[in-house]
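Participant: sequence and predicted structure, then a few things I'm wondering about:
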Amino acid sequence: MAKPVSYRDLDVWQKSMELVELVYEICRQLPSNEKYGLISQMQRAAVSVPSNIAEGFGLGAGGYRRHVLIARGSLMELEVQLELAVRLKLIDRKPVADTWPIAQNVGQMLTKLALSLKES
């Protein structure tokens with residue numbers, strides 16, 4: 001397997017971008033009074049995942065693993081926020097459940113990527 005030339009070549013970045021799109025679609029279904037609450041938090045957490053992958057890739061060995069772990073933390077934050085939106089009955093479970101396999105896949109890829117990088 002060839003070494004990625006750009007963060008855009010990484011499957012985990014591509015899949016996390018797909019997750020961002022799904023989260024924005026979910027946020028459009030939430031009540032407008034959540035604009036500065038869950039909507040803002042969910043969008044920032046979702047965007048943080050591919051952003052940290054890209055930033056870490058750009059930093060190279062010095063910060064790559066750290067940023068991958070930050071991306072993983074943002075993903076976990078997003079998962080909690082999605083669950084809260086359902087528990088608070090702000091959205092039906094179905095759209096959130098549809099994002100779950102993608103979020104889980106991104107999480108697995110981030111874990112593998114972090115493990116493959118040396119601690120620095």
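Facilitator: Structure received.

Participant: only C-alpha atoms from now on, for both contacts and neighbour counts.
Facilitator: Fine.

Participant: would you map the helices across this structure?
Facilitator: 11-29, 38-59, 64-87, 93-116 (DSSP state H).

Participant: elements contacting the shortest one?
Facilitator: Going back to what we said before, that points to helix 11-29. Contacts defined by 3 or more CA pairs under 8 Å, 6 or more residues apart in numbering; DSSP states H and E place helix 11-29 against helix 38-59, helix 93-116.

Participant: quick one: the last one to helix 38-59, angle?
Facilitator: Angle, helix 93-116 to helix 38-59, by axes from the mean of the first three to the mean of the last three CA atoms, to 10 degrees: 20 degrees.

Participant: what are the buried residues along helix 93-116?
Facilitator: For helix 93-116, a neighbour-count test (16 or more other CA atoms under 10 Å) marks 95, 96, 99, 102, 103, 106, 107, 109, 110, 114 as buried.

Participant: just those residues now: which is nearest residue 58?
Facilitator: The closest of those to residue 58 turns out to be residue 114 (CA to CA; 15.2 Å).

Participant: what's the nearest residue to the closest one if we skip its chain neighbours?
Facilitator: residue 65 (5.5 Å; CA to CA, 6 or more residues apart in numbering).

Participant: that neighbour against residue 55, yeah?
Facilitator: No: checked against CA atoms under 8 Å, the pair residue 65 and residue 55 is beyond contact range at 10.6 Å.

Participant: thinking again about what came up before, of all the helices and strands packed on helix 11-29, which lies closest to residue 25?
Facilitator: Between residue 25 and the helices and strands packed on helix 11-29, the shortest separation by CA to CA is 8.9 Å, and it involves helix 93-116.
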